[in-house]
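In: here is my input, please return the structure:
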Amino acid sequence: MRSIQLHKYYYWFYLRFQKSFIHSIRNFTSMTRIYFTSYYPLCHTAHGRAAADMYNLKPYRDGSCRLEPDFEKKYPCITSICRPGFSKNLKVGNIVIYATNKNREGHKYLIAILEVIKKVSTHEEAKKWYEKHHHDLPQNLMVSPNEPIPLNQTHNKKGWTQNHKIETLKEWDESYRKKILSTNSNVAICEVKYIELERPHLFDDPIQDSIFGTIHGTQNYYELTDMEWNKLLKFFNDKNIAYEHELVQW
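Out: Now for the predicted structure:
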């Protein structure tokens, strides 16, 4: 019995070492890392579509009360308010591709490509960087004077905290604040390489399958391989999608 337990232990150790080794080799050999993720846009709900019409808002901007990320800024940032581990793992030079989650018709859309240009440890440090360079603060920085987006200008998908359904804007905003206090408050400051918040390109599952040979789950985030990224670049070229090619490619 003891030999079986030791065998299991050594096998577990081997798998951990192998994963760590491959991860290190990937870091050394690749110039950058490409991540693919998704979000719920303002137009995902009837509440959000009405808000877009009433307040003349971009329909495919983020629909939350904190705009994660705030695509309309020249230098948006990625924080931990939605995906606590993501911003911590990002490094300067990494690229993040954003698509929408499926809408009621089952469609997804390609929205943005961001490149990380600066990492800081806190929202306060990020604020200092934006002020020093005279850039507008992204709405997802939880610092003064930033306030949450009014509820009537969101998609109103407030979600849950543990076993409690969020009912008010204050609760919604506080749930985000608790995330940066309980996990990490790292901020990845980005530059926009591609953005389309009004008439984005369709990026449904069949399209993704034709590019990647599979359909990746993106509610968290997925790291593209070099081959997948090259196929995605070809898709951009075939569709005449305008983006800063020399800064985005390997």
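In: for this protein, give me the ranges with low pLDDT.
Out: 1-31, 160-163, 182-183, 242-250 (pLDDT under 70).
In: which residues touch the spatially most central residue of it?
Out: When Cα atoms, centre = their mean is applied to the chain, the residue found nearest the centroid is Thr37 (5.2 Å). The contact partners of Thr37, by Cβ atoms under 8 Å, 6 or more residues apart in numbering, come to 83, 86, 96-99, 218, 220-222. Quick note: C-beta positions are derived from backbone N, CA and C, even for glycine.
In: bridged to it, which residues?
Out: Tyr98 (DSSP bridges).
In: quick one on the thing from earlier: can you redo the contacts of Thr37 as TSV with distance to Ile241 and neighbour count?
Out: Output for the contacts of Thr37, formatted as TSV (distance: Cβ to Cβ, whole Å; neighbours: other Cβ atoms under 10 Å):
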residue	distance to Ile241	neighbour count
Arg83	25	19
Phe86	24	19
Val96	16	23
Ile97	12	24
Tyr98	14	27
Ala99	13	22
Thr218	18	19
Asn220	25	11
Tyr221	21	19
Tyr222	20	16
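In: which residues does the residue nearest to Asn152 when sequence neighbours are not counted contact?
Out: Nearest residue to Asn152, sequence neighbours excluded (Cβ to Cβ, 6 or more residues apart in numbering): Ala51, at 6.1 Å. With contact taken as Cβ under 8 Å, 6+ apart, Ala51 is in contact with 42, 57, 152-155.
In: would you list the buried entries among those residues?
Out: 42, 57, 153-155 (16 or more other Cβ atoms under 10 Å).
In: farthest-apart pair in those residues, please.
Out: Spatial extent of the buried ones among the contacts of Ala51 (Cβ to Cβ) is set by the pair Leu57 and His155 at 10.7 Å.
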